[in-house]
Structures are given as C-alpha cells and as structure tokens.
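*Asks:* Here's my sequence, what's the structure:
(one chain, ligands or ions: 1)
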Amino acid sequence: MDDTKRGIRVALIGVGNCASALVQGCTYYSGRGIERPGLMTTSLAGYLPEHLVFATAFDIDVRKVGRDLSEAIYCAPNCTARFVPSLDPLGCEVRAGYEVDSVGAFPKDTPEERRFVPIAPVYGDPAEARRAVIRELERVRAEIVVNYLPVGSDQNARFYAECALEAGCGFVNAMPALMARDMGEQFRRAGLPYLGDDVKSQVGATIVHRALVSLFRDRGLPIRRTYQLNVGGNTDFLNMQDEARLESKRRSKTGAVLSQLDASSLDADGVYIGPSDYISWLDDRKVCFLRIEAEEFGGVPMDIELRLCVEDSPNSAGIVLDAIRAARLARDRGLAGPIEDVCAYLFKSPPEQFDEAVARERFRSFAAG
Ligand SMILES: NC(=O)c1ccc[n+]([C@@H]2O[C@H](COP(=O)([O-])OP(=O)(O)OC[C@H]3O[C@@H](n4cnc5c(N)ncnc54)[C@H](O)[C@@H]3O)[C@@H](O)[C@H]2O)c1
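*Replies:* Predicted coordinates for the structure are as follows:
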C-alpha cells in the first residue's frame, strides 16, 4: 500500500458505548493478517482497521471531557464489553462538545454511573461553539466525522454535520437523525461524502427481521402481523425511555423492515417495531423478541418466534469501521453526497432501500472499484 492510503483521520462525536467498541476494535484487529474473524470486511480496497487514526473526539460528560480517548471509552456510563483490557494513550484528548438537544430528561432516580453527567456549558453561544468545533477539526486535519449522538439529538446532529461540512470533512451518521437526503445534498455540493443514516448492525434485530420477511416474501407467504421488541440496559435504551425522543428511531427501524415486504398483506395495525424497555442489569446486552404471523398454503395460519441476544455496541462497530473506510475511499475517488452503493448496505435508513442481496452486491462492486 502506498503512503497516501495510510491513516484515515477520524473525529468522533460522542464517546459512548459504540465509540468504545470501535476504538477497542481497531486495536483488537490491528496487524492480524487476512484472517480476522468478526469483521465483515477485512481489507476495504487496501484500507485495514489499523489505518484509522482517532484525531479528535467531542463529548459533554464530565468523566470523559479532558481525558485521553484511550481512557474515556472505559468511563461510566459506558458499559459495553471490555474486549481489549487497556489501550496505550492515543494522544487524542476528548474536547468539550456543544449541547442543544442531545441530553434528555432521564428518570430522576437514575444513578450517575448509569446516565450522562453533563459539563457546565463552555461556549457563550452557538456561533462560538461552531467556530471552536470547526477550528479543532481543521487543527487535527480530520477527514471523516462520525456522529454517535444519542437518539433524539436532531438539532445537535445538524450542528455537527454543518461543522464537518465547513471543515471539509466527510460524514458518517451512525444514529437516526434522518438527514441523508437534505444534508447529504449539501455534502454533495461541497464535494464531500455523506454516509447514513442509522447503522444497521452486523447481525442485529433489523437485519434478522429483514432476512426473515424476505424469506416469507420469496416463498410466497403473506405476512399478516409482526412485532420486534427490544430491551437493553445501556444509555441508548435509557435515553429511549423518553417517548418524545425515539420517534426517528422507530421510523428508521420500521422502514428498514417494511421496505422488504409486501405491505399490502399486512393487517392495518399489523406492525410494531421499536425499542421497548430499559433493564439496567442487561448493561450493553440487547435482547430482541421477534414474531411473524403469516398465512401458508390454503390460507392456513402459521407463526414464527425468535429471540436474539447480542452485545449491542460491538455489533455496530464493524459496520462503522466499513463506513469510515468507504467514506475515505469515496474521497479518494472524488465521490460526493450520499454514496448510495454504501448507504443501502450499511445503514437502516439510506436515501434508497434495496433488497439485501442487491445492496451487498452494490457495496462489493463499490469496494472493488
Ligand atoms: N448497535 C448499536 O449500538 C447501534 C446501532 C445503530 C445506531 N446506534 C446509535 O448510535 C448512537 C450512539 O450509541 P451509543 O450506544 O454509543 O450511545 P451512548 O449513549 O453510549 O453514547 C452517546 C455519547 O454521546 C455523548 N454526548 C451527548 N451529547 C453530546 C453532545 N452534544 N456532543 C458530544 N457528545 C455528546 C454522551 O456523553 C455519550 O458519551 C445512538 O444514537 C444509537 O441509537 C447504535
């Protein structure tokens, strides 16, 4: 590999559980040769996990701001698996982020080690915050900004996306602020790639549900009703206890499944998909209960039930690792705006949905150039 390909300079927005899994994973998979079990893509056009350089990070939690990223990823309320026991310092200090709508009202009795503890505001007004974030992205020569903000942070997601635009960075939107169409077009005009929205985990509830409904469709069985209930114990689930914050997540998850089936067979209220409850002792484990009721030959009813249990954050990290490398590859090739061949495979809410097999083929063709 030539030198121009080394080092993808990444900026993280939010150093929560997903960021922790991603940062740990880059060390875990570093220098391991071609056999790297657990990765969907080992080499993406020559880019390997060890080519990610965490250039800067932003957060608003008192326990994370001011710390090196190598320590911040293990600070409460993060609770994901520590599959790399410790990391050498990364030389990447977590900077103070800017908060507009990213911190919800957690239940009052939630202990501090389970919730965000925000720093006192450090910026006088939005313009000052914007200048500071852009200056930092430029200072560290960030190439790709990864947005890991909590669900419901729609204004904050736009704030950071606009900072990325102005600093000349590509953008990976891992969360469900659904802005791939309009914000994506702004990135196109600026000649920068935009990948989103809302990561589709490697083998998580969404992809399993999509695969099952596709199976029913392919085998000619009309689906009448389905649900997907998810419970977990991380801050993502705690945050989504606030019904007002989770509308975008529900829309994103439901759309990802509905796009794969013939909706005309469904009962009027035949679909329920969403994050459903917070159970603190599950920590970063997520349990999904899925049911499909359909009609078989002769109109005879049948159903299927499935339970899936995953560690939530590592399940998304491999996909974000692919997205970051794809964003850099898009930059190398002068591609801009939403990169549809990538978005449809890696995200729940791409600008355009495709059948999973088509999305996979398009992603592989993109990677192969
Ligand atoms: N499998 C998955 O885990 C998965 C899959 C798809 C999407 N997502 C989405 O990715 C996002 C991140 O998930 P997570 O589990 O890491 O969440 P998290 O709650 O663990 O982390 C969020 C982080 O953002 C920080 N933060 C809050 N406001 C901020 C601000 N204004 N500026 C900078 N930092 C701020 C918090 O302090 C925290 O460290 C969520 O929206 C989640 O829904 C996760």
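
*Asks:* Can you tell me how far the closest residue to P222 other than its chain neighbours is from V358?
*Replies:* Nearest residue to P222 in three dimensions, chain neighbours excluded: S265, at 3.5 Å (Cβ to Cβ, 6 or more residues apart in numbering). Quick note: C-beta positions are derived from backbone N, CA and C, even for glycine. According to Cβ to Cβ, to the nearest Å, S265 and V358 sit 22 Å apart.

*Asks:* higher neighbour count, the two?
*Replies:* Just comparing S265 and V358: by other Cβ atoms under 10 Å the higher neighbour count belongs to S265, 16 against 12.

*Asks:* quick one: contacts for that one?
*Replies:* By Cβ atoms under 8 Å, 6 or more residues apart in numbering, the residues touching S265 are P222, I223, R224, E295.

*Asks:* From the residues you listed, which land in strands?
*Replies:* Among the contacts of S265, the members falling in strands (DSSP state E) are I223, R224, E295.

*Asks:* pLDDT at M302, what is it?
*Replies:* Predicted confidence (pLDDT) at M302: the value is 98.

*Asks:* actually G25, not the one I wrote
*Replies:* At G25, pLDDT is 98.

*Asks:* from now on call the first residue 38
*Replies:* Renumbered: residue one is now 38, and that last one reads G62.

*Asks:* sec struct for it, please.
*Replies:* helix (DSSP: H, G, I helix; E, B strand; the rest coil).

*Asks:* Likewise for R100?
*Replies:* Classified using three-state DSSP, R100 is coil.

*Asks:* so which residue of the stretch 38-187 of the chain comes closest to the ligand?
*Replies:* Among all residues of the stretch 38-187 of the chain, G53 sits closest to the ligand, at 1.7 Å; criterion: Cβ to the nearest ligand atom.

*Asks:* what's near enough to touch that residue?
*Replies:* Contacts of G53 (Cβ under 8 Å, 6+ apart): N115, Y185, P187, T272, D273, S350.

*Asks:* Turn these into CSV, columns for neighbour count, distance to K385 and pLDDT.
*Replies:* Putting those into CSV (neighbours: other Cβ atoms under 10 Å; distance: Cβ to Cβ, whole Å; pLDDT from 0 to 100) gives the following:
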residue, neighbour count, distance to K385, pLDDT
N115, 25, 23, 98
Y185, 27, 15, 98
P187, 22, 16, 98
T272, 24, 20, 98
D273, 22, 14, 97
S350, 27, 16, 98
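
*Asks:* how distant is stretch 348-366 from the center of its chain?
*Replies:* In terms of Cα atoms, centre = their mean, to the nearest Å, the centre of stretch 348-366 is found 8 Å from the chain centre.

*Asks:* Give the buried subset of the ones in strands among the contacts of S302 as a PyMOL selection command.
*Replies:* Buried members of those, defined by 16 or more other Cβ atoms under 10 Å, are picked up in PyMOL with:
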select buried, resi 260+332
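
*Asks:* For V337, give me the backbone phi and psi.
*Replies:* The phi/psi pair for V337 (degrees, to the nearest 10) reads phi -80, psi 130.

*Asks:* before we move on, what about the one 4 residues further on?
*Replies:* Backbone torsions of I341, given as degrees, to the nearest 10, read phi -140, psi 140.

*Asks:* again with G70
*Replies:* Torsion angles, degrees, to the nearest 10, at G70: phi 80, psi -160.

*Asks:* Relative to V90, how far out is it?
*Replies:* G70 is 21 Å from V90, by Cβ to Cβ.

*Asks:* Of these two, give the one with the bigger neighbour count.
*Replies:* Taking neighbours as other Cβ under 10 Å, G70 and V90 compare with V90 leading, 18 against 6.

*Asks:* quick one: the residue most central in space within the chain from I316, how far?
*Replies:* The centre of the chain sits closest to A211, judged by Cα atoms, centre = their mean, with a distance of 2.8 Å. Per Cβ to Cβ, A211 is found 23 Å from I316.

*Asks:* do the same with E342
*Replies:* For E342 relative to I316 (Cβ to Cβ), the value is 20 Å.

*Asks:* what's near enough to touch I316?
*Replies:* V268, G269, G270, F274.

*Asks:* Do you know the pLDDT at it?
*Replies:* Predicted confidence (pLDDT) for I316: 97.

*Asks:* need the helices for the stretch 138-287 of the chain, in chain order.
*Replies:* 163-176, 191-203, 219-226, 242-255, 272-276, 284-295 (DSSP state H, counting those that start in this stretch).

*Asks:* Quick one: low-confidence residue ranges for the protein.
*Replies:* Across the chain, the ranges flagged by pLDDT under 70 are 38-43.

*Asks:* what does it put close to the ligand?
*Replies:* By Cβ under 6 Å from any ligand atom, the part of the chain that sits against the ligand consists of 50-56, 95-98, 134-136, 139-140, 153, 185-188, 193, 211-212, 235-236, 238, 271-273, 349-350, 352-353.

*Asks:* I appreciate the help and will end here.
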